[in-house]
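> any chance you could fold what I've pasted below:
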Amino acid sequence: MALPYLRRAVELDGRSVEALEYLAHELFYIGGTHTDKPGYVEEAVELWQKALAIDAKHTLSLKSLYECAVIVGLFDIRQQLIATILPSHEDNVQQRLPSGDAQEKPRLMRPFSQELVIPIDIAVEVDELSSQMLFDTARVTAQDIVNRANAMLPDLHFNHPRPPRKHNRIRLGYLSSWFKDHPVGFVIQKVFKFHDRERFEVFCYSAGAHASAGALGDVRGTIRRDCEHFEDFVNRTYSDMARKIYNDQIDILVDLNGLYAGHKLEVLAKRPAPIQMHLHAFGHSTAAPFIDYFVADPVTCPPEAREFFTENIMYMPDTYFVNSHRHLQLPFHPLNGTDRSRSFFKLPTDKFIFASFGNVGKVTPAMFERWMNILRRVPNSVLWMRPWESGKSALVKRAAEAGIWPDRFVWGKYLDSYSESLERANLVDVHLDTSPYGAHVTAADSLWAGTPLVTSLTDLKLGSRVGASLLKSLGLPELVAHSWEEYEDIAVRLASDHSFYRSVRERLWQNRLTRPAFDTQLWVRHFESGLETVWKRHCDGLPPSDLVVKTLYA
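Here you go, the predicted model:
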């Protein structure tokens, strides 16, 4: 364990910014992954602040402390740093973008570039970043992937014959590091069961570390059983992965990671398949020149947001957000309650419970302020959140500044059983969505459990619009706000108008079984229709293009 050595380095030279940064980083990692290590995150914050007191422009310490503040929910630090971080990030991105028109394909700049001040997986949660700057951040990130792939695999090239090789079925490959006990693996797992085996031959390439069955069940085992070919890519080189996909003669390769950590986009950068697309996991364009299609829908990618995607868009009917929830067995009826009471989950029995089920990193200071407005307008209500232990005091402090006292909060925790999580979600009254990065899997969880979701379309970024896509597909557009004032009004009305609330909850319970939002089999039929259109276009010698998948039901 490196921690004792890092502590010793700081003891020897307490003014070494590098030593302080390394120790802070290790403490933050341990504090975030071991709940039995209290105080580690707080110590990391103090060390970063000490490093910045020595060198106020130390980029790595600025970047690390800001990421910590976003992830943990340290609003004061987050707002203090953004004035310094944002201009630095924007300058860094602009210097690394290609010159000329923004639509120009990125050119190679240098084999390896410095890390961005705000990495893309944090940038999607920063509401101060404009849609254009977020897009440019993704472009620079994607270009770094191309540079790495070319530097590591300079002699690896694949040729795709024209006309393409003809198979009896379209060979469809899925590549993901999350074919395991992970939210993405969980929601995607039943897709493979419903593929038409007469038209598609399905390959799944698992690039993530093995994980035993957990709270989400044996996701990996389910996927392995339901696809025709399952290949384990753990501990395989990029070259081995790319060659295997190419040798399997995959026609269409679907990436399920996007730009999130753990991706294997260096493999896709070498073009092992003639058509490559991204589905589901990443709430923004990959901006990668090697991704031909991005699967979305008219709500998540409206016309005014189209310019922020380099990929061609496959517009799915209803919602692009496929899930497997219909195939779960709920241990309760959402309208009649559960065998377990609110008290079992340590929830108040006499309060209207608003909740945010996502990671606290998605909760911006502006979002939290809106929630405080709602709590003030609904006196007999509480807010259920799941913060880091080290972030609770910061949230309580910010709430007190808004006149909301600590007894208005319920602190949640992760549960061992996914069915218990759904059961607890059902006992909550309203799920409040976030922006600029909203609930995705947790939105589907809430809606499937029968709990109304309040969301907003005030932001163009795809990551903020998934809840609206699901609600419109469920026939509940009245829960989708078009301004933040309306967002607060909808939440307050649900809490104060019992007839309206009962009507919404009854329609949600009925529509989740009859509307397309949770119809995995119908979603797969639509997706296959889009895939066949994409493949026919390629076979006809035409370049990729936007397409609208036609609805297959009356």
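> so in the protein, where's the weakest helix or strand by average pLDDT?
helix 418-427 (a mean of 77; mean pLDDT, DSSP states H and E).
> so which elements touch the following helix or strand past that helix?
Per DSSP states H and E, helix 418-427 leads on to strand 430-432 as the next helix or strand towards the C-terminus. Secondary-structure packing of strand 430-432 (3 or more Cβ pairs under 8 Å, 6 or more residues apart in numbering; DSSP states H and E): strand 352-355, helix 441-448, strand 453-456, helix 484-496. C-beta coordinates here come from the backbone N, C-alpha and C atoms, glycine included.
> so what touches strand 430-432?
352-357, 371, 374, 383, 425, 439, 442-443, 446, 451-454, 491, 494-495 (Cβ atoms under 8 Å, 6 or more residues apart in numbering).
> how about low-confidence regions in the protein?
33-36, 98-114, 210-217, 328-340, 414-419, 554 (pLDDT under 70).
> where's the residue nearest to Met152 when sequence neighbours are not counted relative to Lys346, distance?
The shortest distance from Met152 to any non-neighbouring residue, by Cβ to Cβ, 6 or more residues apart in numbering, is to Tyr238 (6.4 Å). Using Cβ to Cβ, to the nearest Å, Tyr238 is found at 47 Å from Lys346.
> more neighbours, the two?
Tyr238 (20 against 11; other Cβ atoms under 10 Å).
> contacting residues around the more buried one?
Contacts of Tyr238 by Cβ under 8 Å, 6+ apart are Ala149, Met152, Leu153, Lys264, Glu266, Val267, Lys270.
> got a winner among those residues for most neighbours?
Of all these, the highest neighbour tally under other Cβ under 10 Å goes to Val267, namely 32 neighbours.
> where's that one, which helix or strand?
helix 265-269.
> tell me which helix or strand comes right after that helix.
Following helix 265-269 in sequence, per DSSP H and E, is strand 275-278.
> now for that following strand, which elements pack on it?
Checking 3+ Cβ pairs under 8 Å, 6+ apart, strand 275-278 ends up next to strand 252-255, strand 293-296, helix 520-539.
> could you dump these into a markdown table with distance to Thr222 added?
Below are these laid out as a markdown table (distance: least, Cβ to Cβ, whole Å):
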| stretch | distance to Thr222 |
| --- | --- |
| strand 252-255 | 18 |
| strand 293-296 | 22 |
| helix 520-539 | 13 |
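> of those, which is nearest Ser483?
strand 293-296 (23.3 Å; Cβ to Cβ).
> and the next helix or strand after the closest one, what does it pack onto?
Moving toward the C-terminus from strand 293-296, the first helix or strand encountered (DSSP H and E) is strand 312-315. Applying 3+ Cβ pairs under 8 Å, 6+ apart, we find strand 312-315 packed against strand 293-296, strand 547-548.
> which SS class is Arg236?
Assigned with DSSP: H, G, I helix; E, B strand; the rest coil, Arg236 falls in the coil class.
> check the gap between it and Leu253 for me.
16 Å.
> which of the two has more residues huddled nearby?
Leu253 (26 against 17).
> tell me how many other residues crowd the nearest residue in space to the more buried one that is not next to it in sequence.
Spatial nearest neighbour of Leu253, excluding adjacent residues (Cβ to Cβ, 6+ apart): Ala273 at 3.7 Å. Counted with other Cβ under 10 Å, residues neighbouring Ala273 total 26.
> can you give me the helices in the stretch 151-300 of the chain?
With DSSP state H, counting those that start in this stretch, the ranges of helices along the stretch 151-300 of the chain come out as 183-188, 191-194, 219-226, 238-247, 265-269.
> looks like the residue nearest to Leu253 contacts Asp248 (just checking).
No. Judged on Cβ atoms under 8 Å, Ala273 makes no contact with Asp248 at a distance of 9.1 Å.
> so Lys63 sits against Ile118, correct?
Yes. Contact between Lys63 and Ile118 holds when scored by Cβ under 8 Å: they sit 7.3 Å apart.
> gap between the closest residue to His160 other than its chain neighbours and Ser390?
Computed as Cβ to Cβ, 6+ apart, the closest residue to His160 that is not its neighbour in sequence is Pro274, at 4.1 Å. Pro274 is 48 Å from Ser390, where distance means Cβ to Cβ.
> same check, this time on Asp76
13 Å.
> okay, those two: which has more neighbours?
Taking neighbours as other Cβ under 10 Å, Asp76 and Ser390 compare with Ser390 leading, 22 against 12.
> returning to that earlier point: for the helices and strands packed on strand 275-278, which one sits closest to Val93?
When the helices and strands packed on strand 275-278 are compared by Cβ to Cβ, strand 293-296 sits nearest Val93, at 20.9 Å.
> got a list of contacts for the closest one?
So strand 293-296 is contacted by 275-280, 285-286, 301, 309, 311-316, 320, 462, 527, 530, 534, 544 (Cβ under 8 Å, 6+ apart).
> strand partners of it, parallel vs antiparallel please.
strand 275-278 (parallel), strand 312-315 (parallel) (DSSP bridges).
> highest average neighbour count across those strands?
The highest mean neighbour count among the strands paired with strand 293-296, using mean count of other Cβ atoms under 10 Å, belongs to strand 275-278: a mean of 24.
> would you mind writing the CA trace of it as PDB?
The C-alpha coordinates for strand 275-278 follow below in PDB (Å, rounded to 0.1, in the frame of the first residue of the first chain):
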ATOM      1  CA  ILE A 275     -20.000   0.300 -39.500                       C
ATOM      2  CA  GLN A 276     -19.600   1.400 -35.900                       C
ATOM      3  CA  MET A 277     -22.100   3.100 -33.600                       C
ATOM      4  CA  HIS A 278     -22.600   4.200 -30.000                       C
END
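> next, the distance between the ends of stretch 433-452.
10 Å (Cα to Cα, to the nearest Å).
> how about it: buried residues?
Judged by neighbour count (16 or more other Cβ atoms under 10 Å), stretch 433-452 contains these buried residues: 433-452.
> how about stretch 534-553?
Of all the residues in stretch 534-553, those buried under the rule 16+ other Cβ under 10 Å are Val534, Trp535, Arg537, His538, Pro544, Leu547, Val549.
> same check on stretch 374-392?
For stretch 374-392, by 16+ other Cβ under 10 Å, it's 374-375, 378, 381-388, 390-392.
> and what of stretch 350-358?
Result for stretch 350-358 [16+ other Cβ under 10 Å]: buried residues Lys351, Phe352, Ile353, Phe354, Ala355, Ser356, Phe357, Gly358.
> which ones are touching Leu375?
With contact set as Cβ under 8 Å, 6+ apart, Leu375 has these partners: Phe354, Ser381, Val382, Leu383, Ile404, Arg408.
> farthest-apart pair in these, please.
Maximum pairwise distance among the contacts of Leu375 (Cβ to Cβ): 11.8 Å, between Phe354 and Ile404.
> quick revisit: can you give me the distance of the residue nearest to His160 to Asp181?
From Pro274 to Asp181 the distance is 33 Å (Cβ to Cβ).
> so between those two, which is more surrounded?
In terms of neighbours (other Cβ under 10 Å), Pro274 is the more surrounded of Pro274 and Asp181; the figures are 22 against 18.
> correct me, but the more buried one touches Asp251?
Yes. Between Pro274 and Asp251 there is a contact under Cβ under 8 Å: 6.6 Å.
> what sits in contact with each of those two?
In terms of Cβ under 8 Å, 6+ apart, Pro274 and Asp251 are both contacted by the residues Pro164.
> if you drop the residues flanking it in sequence, what lies closest to Leu12?
Distance criterion Cβ to Cβ, 6+ apart; nearest residue to Leu12, sequence neighbours excluded, is Ala19 at 7.9 Å.
> how many other residues sit next to that neighbour?
Neighbour number of Ala19 under other Cβ under 10 Å is 20.
> could you report the distance from it to Leu65?
16 Å.
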